[in-house]
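In: Could you look at this predicted model? Sequence included:
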Amino acid sequence: MSKVEFKLKKDYERYEVLLSTRICDLDIHLNKTPYFKWLRQFKSELRARDLFENPQFWVSDEWFSPEGSFGVAIPFYLLDKRLQRLEKKIMGDIEGETEIGFKQLLRHETGHAFDHGYGLMRKKMSVRLFGSDKKVYPQYYKPRLEQGQYFVKHLEGGYAQAHPSEDFAETFAEWLKGERYWEKKYFGLPALLKLRHLDTIMENLITEERRPFKKSGFVCDDYMDNQMTLGRYYENKLVRKQKYEGHGRILM
């Protein structure tokens, strides 16, 4: 019995045809879902911060912002109710299912996109405050509660502690909500230094109207190019989850 069959048990026959479908053959359309409306609202949020250059957004197999691009990938399983049910049955939850969760992840991944597009973590003060983005990226991490004051709290699970790049993306997500918000929330905490630094470098980008080094147009792992079946996709996903979930929190 495969891992997917074991997870679905009596529901396996109900999803058998869908599991044999290739991801590229799925009939999904972002603009026909509530997520399209929420994405437009998020773009308005970027404009409200005077960010004249928006990252590119496309549909892929997971949430991520690839290095070498100025963009953000949104997972395909959000775009259809049946796919959502399948994701939940097999993986236990759906990352970004609700409006709040969707926008949280957009803010986080957009932080990565701005770093990739403008090289923001290469700055000396960024390295001093966040650490080097060249640090080996772990498969899992264990947040330390005693160090929580040095990190912002955006995604659950102390995600900012996972890696310097995640710390930066989480800080960007909090910065995006506006100065009045984060100055009050982190008043007196070391994490405020990171937010003020980020505020300074972003203000310089806005004032100088600087364009990203990496232009929109580079799309990585578009779902329409993915010939993997849903069954294989979830087998791989379960293997990774089961391999690392006993060691700590798995990185997205």
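Out: Yes, it's here.

In: okay, now residue 127: neighbour count?
Out: Neighbour count for residue 127, taken as other C-beta atoms under 10 Å: 14. In this view, the C-beta of every residue, glycine as well, is placed from N, C-alpha and C.

In: In a helix, it, correct?
Out: Yes. According to DSSP: H, G, I helix; E, B strand; the rest coil, residue 127 belongs to a helix.

In: What does residue 60 show for phi and psi?
Out: With angles defined as degrees, to the nearest 10, residue 60 sits at phi -140, psi -150.

In: Residue 71 too?
Out: Residue torsions, per degrees, to the nearest 10, at residue 71 are phi -160, psi 170.

In: Do I have it right that it meets residue 221?
Out: No. Counting by C-beta atoms under 8 Å, residue 71 does not reach residue 221; the two are 11.1 Å apart.

In: Could you check which of those two is surrounded by more residues?
Out: residue 71 (27 against 14).

In: How far away from the center of its chain is the longest helix belonging to the chain?
Out: If you go by DSSP state H, the chain has its longest helix at helix 99-118. Mean C-alpha position of helix 99-118 versus that of the full chain (C-alpha atoms, centre = their mean, to the nearest Å) differs by 6 Å.

In: Now do that helix: which elements does it pack against?
Out: Helix 99-118 is packed against helix 34-48, strand 71-75, helix 164-175, with contacts defined by 3 or more C-beta pairs under 8 Å, 6 or more residues apart in numbering; DSSP states H and E.

In: Nearest approach to residue 22 belongs to which of these?
Out: Residue 22 sits nearest to strand 71-75 of all the helices and strands packed on helix 99-118, at 15.9 Å, using C-beta to C-beta.

In: In terms of secondary structure, what does the closest one contact?
Out: Taking 3+ C-beta pairs under 8 Å, 6+ apart as the contact cut, strand 71-75 packs with strand 56-60, helix 99-118.

In: so which of the ones you listed is the most packed in?
Out: The highest average neighbour count among these, using mean count of other C-beta atoms under 10 Å, belongs to helix 99-118 at a mean of 22.

In: got the angle for it vs helix 34-48?
Out: With axes from the mean of the first three to the mean of the last three C-alpha atoms, to 10 degrees applied, the angle from helix 99-118 to helix 34-48 works out at 50 degrees.

In: What's the mean pLDDT across helix 99-118?
Out: The pLDDT scores in helix 99-118 average 96.

In: again with stretch 15-27
Out: 97.

In: what does it rub up against?
Out: Stretch 15-27 has contacts (C-beta atoms under 8 Å, 6 or more residues apart in numbering) with 4, 8, 61, 76, 80, 82-83, 86, 89, 223-231, 233-234.

In: Going by neighbour count, list what's buried in that stretch.
Out: Neighbour-count burial for stretch 15-27, counted by 16 or more other C-beta atoms under 10 Å, picks out 15, 18, 19, 23, 26.

In: how about these in CSV, adding distance to residue 66 and secondary structure?
Out: Below are these laid out as CSV (distance: C-beta to C-beta, whole Å; DSSP: H, G, I helix; E, B strand; the rest coil):
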residue, distance to residue 66, secondary structure
15, 30, helix
18, 27, helix
19, 27, helix
23, 17, helix
26, 21, coil
